[in-house]
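Asks: Sequence first, predicted coordinates after that:
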Amino acid sequence: MTVEAHLSKGEVCYIDRQDGALKTEAIYGERQLRWVYGNPFGRLALWLLVRRWILSAWYGFRMNTVKSSLRIRPFIDHYGLDETEFAEQVDDYLSFNAFFYRKLKSEARPVDLDPRSVVFPADGRHMVFADITAETNFIIKGHSFDLAQFLGEDCLAERYDGGSMLLSRLCPLDYHRFHFPCAGEAGIPRFINGWLYSVNPIALVTRPTIFWENKRVITPIQSLALGQVQFVEIGATMVGSIRQTYMPGEEVLKGDEKGYFAFGGSSVAVLFEKGRLEFDSDLLKNTANGLETYARVGERMAQVTSQD
């Protein structure tokens, strides 16, 4: 079953890994999103303005103003966010953007300590693909994932032929800092320019090519256990920027912070070489059924199957 098949029922659903329940996503700006991607006039607006950087830059500027801080309390109350996790008091955030990419207390996101585990790099709704090049129902039936377009280099794509991929989708209400899924040496990030389409399933089922059309940042991680891993941050509509907080060339630990997204929805993808890991069975099952799995950064998602 595909994401498209589930969405045909009218709702975006996912499995919450904590309790195994099927839940319906509370979508920020749902009415506008459905109009832009489902209405002919909305699609015209998408082509002329929505996908372009100028709209996201303008909205990002608004979210950086002191006045935008008035949005914080209603947002917390509407989406039921847990304030006890925040590293700072709500009144300390001087803008909505400062709140949006807030830090959390370290105990709020413990990192799985098993030396053979690989962990989720972000809070969000996740899908996993044991062999991304063999995937023929990516988002919609009969659609493949274009690895060469996604990575921007044919030779790099060849390295991950038959490899595995995690795709993590962050919603506006999620914690928006991303972390390393494994230990290793993090390299220099490489920027690929592109559009800023939404990454919500409402948009993806109309245009599954979004992941290799949107702007993205690709960082290699050299890991003893996993070989070379590619960590990809994908921008989206209303994402003001993708910011790195790590130092290229330094050794990082599993769970260390890598960076954060400014306001908006966004995604993270992590690519692994063939045969390097095995995703947890529940994640594979949910993805095969066309469902994302909600889980938090630092929780186990896979186990290493080979080491150099």
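Replies: That came through fine.

Asks: CA atoms for contacts and neighbours, from now on please.
Replies: Will do.

Asks: what's the first-to-last distance across stretch 192-203?
Replies: Distance across stretch 192-203, first residue to last, is 21 Å (CA to CA, to the nearest Å).

Asks: Buried residues of it, list them for me.
Replies: 192, 194-203 (16 or more other CA atoms under 10 Å).

Asks: which ones among those are found in strands?
Replies: Counting by DSSP state E, the buried residues of stretch 192-203 place residue 192 in strands.

Asks: and residue 183, how many neighbours does it have?
Replies: For residue 183, the neighbour count with other CA atoms under 10 Å is 20.

Asks: still on that earlier bit, okay, the buried residues of stretch 192-203 in a markdown table with distance to residue 70 and pLDDT next?
Replies: As requested, the buried residues of stretch 192-203 are exported to a markdown table (distance: CA to CA, whole Å; pLDDT from 0 to 100):
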| residue | distance to residue 70 | pLDDT |
| --- | --- | --- |
| 192 | 34 | 95 |
| 194 | 32 | 90 |
| 195 | 30 | 86 |
| 196 | 26 | 85 |
| 197 | 27 | 86 |
| 198 | 25 | 87 |
| 199 | 27 | 90 |
| 200 | 26 | 88 |
| 201 | 29 | 87 |
| 202 | 29 | 87 |
| 203 | 29 | 89 |
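
Asks: Max pairwise distance over the buried residues of stretch 192-203: which two?
Replies: Farthest-apart pair in the buried residues of stretch 192-203 is 192 and 202; separation 24.1 Å (CA to CA).

Asks: picking that back up, specify which member of the buried residues of stretch 192-203 is nearest to residue 257.
Replies: Closest approach between those and residue 257, by CA to CA: residue 192, at 21.7 Å.

Asks: isn't the closest one right up against residue 213?
Replies: No: using CA atoms under 8 Å, residue 192 makes no contact with residue 213, being 9.4 Å away.

Asks: Pull up the gap between the most centrally placed residue in the chain and residue 114, please.
Replies: Geometric centre of the chain, nearest residue: residue 267, 2.3 Å, by CA atoms, centre = their mean. Distance, residue 267 to residue 114, by CA to CA: 26 Å.

Asks: tell me the SS of residue 271?
Replies: Secondary structure, DSSP: H, G, I helix; E, B strand; the rest coil: residue 271 is strand.

Asks: Cool, thanks, talk later.
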